[in-house]
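J.: kindly return the folded structure for what I paste below:
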Amino acid sequence: MKIYSAIQPTGSIHLGNYAGAIMNWVKLQEEGRCIYCIANYHSLTANREPQHLPQRVFEAALDLLACGIDPEKSELYVQSHIPEVTELTWILSCCAPMGELNRMTQFKEKSQRLEVVNAGLFTYPILMASDILLFKAEVVPVGEDQLQHLEVTRVFARRFNALFGETFPEPKPSVTKATRVMALNDPTRKMSKSVEGSAIMLSDPPEVILRHVKRAVTDAGPSADPQQMSPGIANMFTLLETFSTPETVGYFREAYAGGNLRYKELKDALGRDLVAALEPIRLRRQELAAHPERVEEILHASAHRLRQVAKATLAEVREKVGLGVTPEA
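T.: Numbering: from 1, shown residues only. Here you go, the predicted model:
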């Protein structure tokens with residue numbers, strides 16, 4: 001079973017990214033052949049700092065490898081190292097009605113926040129489909145917010161097969177219940193590294209993690225519904241359920257239900273468990289960062305292997321649409 005997923009290179013990965021997606025990526029390595037992508041082509045729809053992009057790609061690779069993406073079990077590659085994806089994107093775009101792309105919810109939401117909407121943002125779903133179909137992936141782990149994009153990928157595969165003959169499998173979603181970690185200093189918003197005090201980074205040392213947890217917002221005042229947890233406490237329990245033992249979670253749930261939950265005790269326990277979970281990742285990350293050539297070697301080796309697959313798929317596609325074989329340079 002071929003499993004495919006991708007992440008944009010925004011630099012170092014924070015606790016929310018790890019809990020929401022990367023922990024699941026690591027587990028999936030036991031279920032099939034995983035292909036994981038650092039999607040730097042996708043990032044160009046919003047990137048206005050090209051001087052920082054190579055470092056952000058490297059930081060993402062560091063974190064993914066440190067978290068447990070194993071090059072012996074999975075392929076980890078940089079999107080732009082497989083240029084065949086851009087040609088497949090053009091071919092698929094010639095089979096994609098504009099009305100179909102206009103209906104994409106994420107495009108509508110993002111375009112409303114921008115003064116200028118670039119064509120890349122509009123055709124983003126086609127590039128995403130090409131990433132998946134180029135390797136004939138069968139399963140794509142997605143959160144519910146990405147289901148529409150994957151369904152469009154299935155539509156593209158189905159349409160191409162109908163027009164030109166059976167070529168692509170229709171990738172199936174593996175819907176994961178993404179752990180939604182909120183900002184520590186404002187638990188009504190998602191964790192974000194762009195806001196000071198919001199996020200715990202995987203590269204943070206123990207004292208920084210403990211300080212962030214100690215300062216985390218818990219109770220913002222009386223709730224309209226006394227039976228409902230405040231956003232801050234709910235966020236603490238989300239992290240407990242992800243990183244602590246069932247016994248620890250049960251102890252604090254019982255304390256909360258009994259009305260005798262002590263915030264300091266909760267934060268102390270959570271801080272210790274976060275440090276225990278993240279310290280091995282931080283140390284592996286340090287070791288990898290000290291040898292950047294090893295990281296580059298892993299990325300290049302995956303790209304080399306995957307390009308053979310990509311070239312074979314594209315040769316098949318070119319033949320079927322009438323473009324023929326690419327002449328050797």
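J.: residues contacting V155?
T.: Residues near V155 by C-beta atoms under 8 Å, 6 or more residues apart in numbering: E100. C-beta coordinates here come from the backbone N, C-alpha and C atoms, glycine included.
J.: what does the model give it for pLDDT?
T.: Per-residue confidence (pLDDT) for V155: 93.
J.: quick check: which element contains it?
T.: helix 147-164 (DSSP states H and E).
J.: repeat that for Y77.
T.: Secondary structure from DSSP H and E places Y77 in strand 74-78.
J.: the helix or strand following that strand to helix 147-164, inter-axis angle?
T.: Counting by DSSP H and E, the next helix or strand C-terminal to strand 74-78 is helix 84-93. Interaxial angle, helix 84-93 versus helix 147-164 (axes from the mean of the first three to the mean of the last three C-alpha atoms, to 10 degrees): 70 degrees.
J.: tell me the helices and strands packed up against the strand holding Y77.
T.: Helices and strands touching strand 74-78, by 3 or more C-beta pairs under 8 Å, 6 or more residues apart in numbering; DSSP states H and E, are strand 33-38, helix 53-67, helix 292-321.
J.: apply 6 Å and report the result again.
T.: strand 33-38, helix 292-321 (3 or more C-beta pairs under 6 Å, 6 or more residues apart in numbering; DSSP states H and E).
J.: strand partners of that strand, parallel vs antiparallel please.
T.: Partner strands for strand 74-78, per DSSP bridges, with pairing direction: strand 33-38 (parallel).
J.: and the partner strand, which residues are buried?
T.: Within strand 33-38, the residues that count as buried by 16 or more other C-beta atoms under 10 Å are 33-38.
J.: can you put these in TSV and add pLDDT and distance to V117?
T.: Shown next, in TSV, are the buried residues of strand 33-38 (pLDDT from 0 to 100; distance: C-beta to C-beta, whole Å):
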residue	pLDDT	distance to V117
R33	94	37
C34	97	33
I35	98	30
Y36	98	29
C37	98	24
I38	97	25
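J.: any chance of JSON lines for those residues, columns distance to A137?
T.: Below are the buried residues of strand 33-38 laid out as JSON lines (distance: C-beta to C-beta, whole Å):
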{"residue": "R33", "distance to A137": "9"}
{"residue": "C34", "distance to A137": "10"}
{"residue": "I35", "distance to A137": "7"}
{"residue": "Y36", "distance to A137": "11"}
{"residue": "C37", "distance to A137": "10"}
{"residue": "I38", "distance to A137": "16"}
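J.: quick check, nearest of the residues you listed to R215?
T.: Ranked by distance to R215 (C-beta to C-beta), the buried residues of strand 33-38 are led by I38 at 31.7 Å.
J.: and the angle from whichever helix or strand K264 is part of to helix 53-67?
T.: Assigned by DSSP H and E, K264 belongs to helix 263-289. On the basis of the same axes, to 10 degrees, helix 263-289 is oriented at 110 degrees to helix 53-67.
J.: got the CA positions of the lowest-mean-pLDDT helix or strand in the chain in PDB?
T.: One helix or strand of the chain scores below all others by mean pLDDT, DSSP states H and E: helix 105-111, with a mean of 72. C-alpha atoms of helix 105-111 as PDB (Å, rounded to 0.1, in the frame of the first residue of the first chain):
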ATOM      1  CA  THR A 105     -13.500  26.100   0.000                       C
ATOM      2  CA  GLN A 106      -9.900  26.800   1.000                       C
ATOM      3  CA  PHE A 107      -9.400  28.900  -2.100                       C
ATOM      4  CA  LYS A 108     -12.400  31.000  -1.300                       C
ATOM      5  CA  GLU A 109     -11.300  31.500   2.300                       C
ATOM      6  CA  LYS A 110      -7.700  32.400   1.500                       C
ATOM      7  CA  SER A 111      -8.500  34.600  -1.400                       C
END
